[in-house]
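*Asks:* With the input below, show me the fold.
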Amino acid sequence: MQGGHGWYFDTVTATDLREDPDHEDPAWEKTKRQRKRDKEKQKKARQQQQKLDRQHQNWSPTSILTISSRFLFATTRGVRRVLVIVLTIYGSSTLHRQQLARMPTFQGQTSGWQGSIPFFSLAANAVIRCGRPGLRPAKRFARAAGMVFATSTADAASASGSSAQLGGFDKFVGNADHSWTRQLSSDPEADKYAPNRKSREVRSGHYVKVRPVPLPEPTLVIHSPAMATTLGLEEGVITSEQFISFFSGDQDQVEGLESWATPYALSIMGTPQSQNCPFGNGNGYGDGRAISIGEVVVEGQRWELQLKGGGPTPFCRGGDGRAVLRSSIREFLASEAMHNLGVPTTRALSLIVSGKETSRRPWYSERAQKGMAAEDFANDPRLKQFPKEMHQMLIRQLQQQGRDPDVMIIEPCAITTRVSPSFLRVGHLDLFARRVANNSGDVSLRREQLRQIVEHALFREFPDVAPEGTFEERVAAMLGECSKRIAALMADWLRIGFCQGNFNADNCLVAGRTMDYGPFGWMDEYDPLFAKWVGSGEHYAYANQPGAGLANFQTLALALAPLLGSTPTEQQEVLETAVSTAVDEMEAAVAGVYHRKLGFVGEGGTAEAAANLWKTLEPLMRSSRADFILLWRQLAEVATLSTSASDDELLQPLQDAFYAPPQKEAWGAWLREWLAALEAAGSKESASERMKAVNPKYVPREWMLVEAYDAASGGDYSIVHDLHTLFLKPYDEQPEFSEKYYRRAPDTALNRGGTAFMS
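*Replies:* Below you'll find the predicted structure:
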């Protein structure tokens, strides 16, 4: 495994996962006349529902505000704002007024650039924006009420002792509060290029308003009841036509939610990249097929919702903006499994497939899927000129050759709704810092936009970090917190045998959550250089992920450096200190992984003992081709045995955990040394239980996911649902699933294209 200074690796330009450029304009898209007829039908249905609602009108504060707005739009703008404030206070209950008092206030700070930038409380900002041009008068007041009272229902639930307040879709929409579009700057050229569904340069702004393209004939494949409950959505809402239509991209189903895509920069292992940007300058990178469709605040927690596969955006780089059923099933199951594994991650709410629209994607023919096993290269004459200790590495390189897809297949389009407190990437901050460093154009605007995105990061992800400090102190504290979170995430990935595969800065969230479930994979056979994606290179391999995490942290530190000192010397000092601290934190986090996996508790000598034991265990795992998940889980069974047990007795729990015959004497010696170390440290009691709590029994192995999406392609979603159930409790025994899923990977899964590796 590479050392702490992983960002000094040679940069390898990874090939992006690109959408098919030959599929730009869906033939199924409705004509304007058809869409007009649909809107008229929806309007009539809404009017009928409103009529029924009026018959049972209860004069709630929100209804008073909505009706009052019909009077307010006729007043002058200044008077309207005053009346908004008065009526808001009048319409609020005591609970609402308490909530208003707790709303965060942003104060401008001076940072040596352009003086202070004023920020307003969310409540005041919502009231002011309710009268903005383009919003129908009758909805202005309701919008303001929705912004101000977004968290009031959660407080009411807490006050009454209820564990959750579930409701209908209207209640869900009423919790909308779009902080990204409210606090940040829009692309000034968005109107010029509307509807913003073709690749173009985006030179300024933090977002582009773009509407998703609806899937035709949408069908709900699966949803996460846990995530739905967290969002306050009752079960009946999930299966409704309105829910399925909206989360398949039909924004006409709902009023009050906004949609946007964001630009960000690309850095690979700490090195800025722009050569594969269609414009050669980095202005084409961003959300190519992910469209945010709103933010809601539920029980005091903000959630952003994003459609993966929602259609083309200005950042699609010639792609169709779609995801397919295969990749969507992988993302849905993996992200929800990751959450239940206790690893920070984006979540999945729903997966919806189209019954009509398809896309062409590169994949593997039957010939390519067969792959080549290591044994096929054993007698390769090219190996004879190299020493035997190099053969394994050379065979791996030979296997890598010819691993690109060789056919195009047609797959149904699908959309996964992913959910997270934010999708703020290191790449977002990297972009605006680069624009400042470029020192061209409107420099003051670029500096302001950098400061805005940093302020927003503090608001969204780090509100409790140095809340009373100056702006500079808060940014420094945020940088330190990011270091801790990224280190903890890398440690968790190592712990569960996960390789993200493409951990560029644009795929690294500042809050330290897993995202971008495209080129990921869980290990079957242990290999420190494991990566599922053929474009990962060794720098993104399993054991090198801490180095990749440090490289992304360095990119973040460079982006924030201009805000952390008034001179280049001060900025360099802050940067060096931050990176040095991050290296120490990463090394400690990685060391802690094996300390816990081996069953130790406490500090002191156990840390050194665990490190030495791992140093001798790792080559044994490689030589015996150990199954990563099975070996660690079964070691928990060995932990109950005595050092006086025979080699056969010690190895019996591990007999199914190897793909090659283990060296009995070497394994017996290591197991006794480990058991003796546990006893000496006073850690042997309950070691088995502790180990089972950190070494999962079930993870989304690729061969399991292949079974699920192969069946789903024929309309059978039962395996998808079974796996979702299985991954709800990945540390539990679940004996009903053991025979099928707690086993070594099938032989074909170790070398088959699309399972052992993919592009």
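*Asks:* burial measure for residue 594, as a count.
*Replies:* 20 (other C-beta atoms under 10 Å). All C-beta spots, glycine's among them, are computed from the backbone N, C-alpha and C.
*Asks:* Let me fix that, I meant to ask about residue 749.
*Replies:* 19.
*Asks:* Next, the contact list for the spatially closest residue to residue 516 that is not a sequence neighbour, please.
*Replies:* For residue 516, ignoring the flanking residues on the chain, the nearest one in space by C-beta to C-beta, 6 or more residues apart in numbering is residue 507 at 4.2 Å. Taking C-beta atoms under 8 Å, 6 or more residues apart in numbering, we find residue 507 in contact with 425, 427, 500, 515-516.
*Asks:* ok, those residues vs residue 665, which is closest?
*Replies:* residue 500 (37.2 Å; C-beta to C-beta).
*Asks:* Distance check, the nearest residue in space to that closest one that is not next to it in sequence against residue 638.
*Replies:* Spatially, and ignoring its direct neighbours in sequence, residue 500 is nearest to residue 520 (5.5 Å; C-beta to C-beta, 6+ apart). Distance of residue 520 to residue 638, computed by C-beta to C-beta, to the nearest Å: 30 Å.
*Asks:* Tell me which of those two has more neighbours.
*Replies:* Each of residue 520 and residue 638 has its neighbours counted (other C-beta under 10 Å); residue 520 has more, 24 against 21.
*Asks:* just checking, that one touches residue 499?
*Replies:* Yes - counting by C-beta atoms under 8 Å, residue 520 touches residue 499, with 6.7 Å between them.
*Asks:* quick one: common contacting residues for these two?
*Replies:* Counting by C-beta under 8 Å, 6+ apart, the residues touching both residue 520 and residue 499 are residue 532.
*Asks:* which ones are touching the residue nearest the centre of the chain?
*Replies:* Nearest residue to the geometric centre of the chain (C-alpha atoms, centre = their mean): residue 515, 2.4 Å. Taking C-beta under 8 Å, 6+ apart, we find residue 515 in contact with 345-346, 418, 420, 423, 507, 509.
*Asks:* before we move on, what about residue 499?
*Replies:* 493, 520-523, 530-532, 536, 540-542, 545.
*Asks:* ok, of these, which one's closest to residue 257?
*Replies:* Ranked by distance to residue 257 (C-beta to C-beta), the contacts of residue 499 are led by residue 520 at 29.4 Å.
*Asks:* got the contact list for the closest one?
*Replies:* By C-beta under 8 Å, 6+ apart, residue 520 lies in contact with 330, 334, 498-501, 532-533.
*Asks:* Among the residues you listed, which has the minimum pLDDT value?
*Replies:* Taken together, the contacts of residue 520 show their lowest pLDDT at residue 533, with 81.
*Asks:* what's the neighbour count on that one?
*Replies:* The tally of other residues near residue 533 (other C-beta under 10 Å) stands at 22.
*Asks:* Give me the phi and psi angles of it.
*Replies:* phi -90, psi 130 (degrees, to the nearest 10).
*Asks:* Do I have it right that it meets residue 757?
*Replies:* Yes - assessed by C-beta under 8 Å, residue 533 is found in contact with residue 757 at 7.5 Å.
*Asks:* ok, back up a step: find me the pLDDT at the residue nearest to the centre of the chain, would you?
*Replies:* You'll see residue 515 listed with a pLDDT of 96.
*Asks:* can you check the one 10 residues further on too?
*Replies:* For residue 525, the pLDDT comes out at 97.
*Asks:* Check residue 289 too.
*Replies:* Looking at residue 289, its pLDDT is 94.
*Asks:* Repeat that for the one 5 residues further on.
*Replies:* According to the prediction, residue 294 has pLDDT 96.
*Asks:* That one sits in which helix or strand?
*Replies:* Here residue 294, judged by DSSP states H and E, is contained in strand 290-298.
*Asks:* just checking, what packs against that strand?
*Replies:* If contacts are counted by 3 or more C-beta pairs under 8 Å, 6 or more residues apart in numbering; DSSP states H and E, strand 290-298 sits against helix 152-160, helix 179-183, strand 260-261, strand 301-308.
*Asks:* quick one: that strand to strand 301-308, angle?
*Replies:* 160 degrees (axes from the mean of the first three to the mean of the last three C-alpha atoms, to 10 degrees).
*Asks:* Mind listing residues that contact strand 290-298?
*Replies:* The contact list for strand 290-298, computed with C-beta under 8 Å, 6+ apart, reads 150-151, 153-154, 172-173, 175-180, 210-212, 230-232, 246, 251, 257-262, 302-311, 313, 417-418, 423.
*Asks:* what about the residue lying closest to residue 750 once chain neighbours are set aside, how many neighbours?
*Replies:* Once flanking residues are discounted, residue 750 sits nearest to residue 756: 5.5 Å by C-beta to C-beta, 6+ apart. If you count neighbours by other C-beta under 10 Å, residue 756 ends up with 22.
*Asks:* cool, residue 584 as well?
*Replies:* Using other C-beta under 10 Å, residue 584 has 12 other residues around it.
*Asks:* just residue 238 next, same as before
*Replies:* 18.
*Asks:* for residue 614, same thing?
*Replies:* A count of nearby residues for residue 614, using other C-beta under 10 Å, gives 18.
*Asks:* Over to residue 304?
*Replies:* 21.
*Asks:* Equivalent analysis for residue 484, please.
*Replies:* 15.
*Asks:* Residue 689 now?
*Replies:* 12.
*Asks:* Provide the secondary structure category for the nearest residue to residue 617 once chain neighbours are set aside.
*Replies:* Among residues not flanking residue 617 along the chain, residue 670 sits closest, at 6.1 Å (C-beta to C-beta, 6+ apart). Put simply, residue 670 is helix when judged by DSSP: H, G, I helix; E, B strand; the rest coil.
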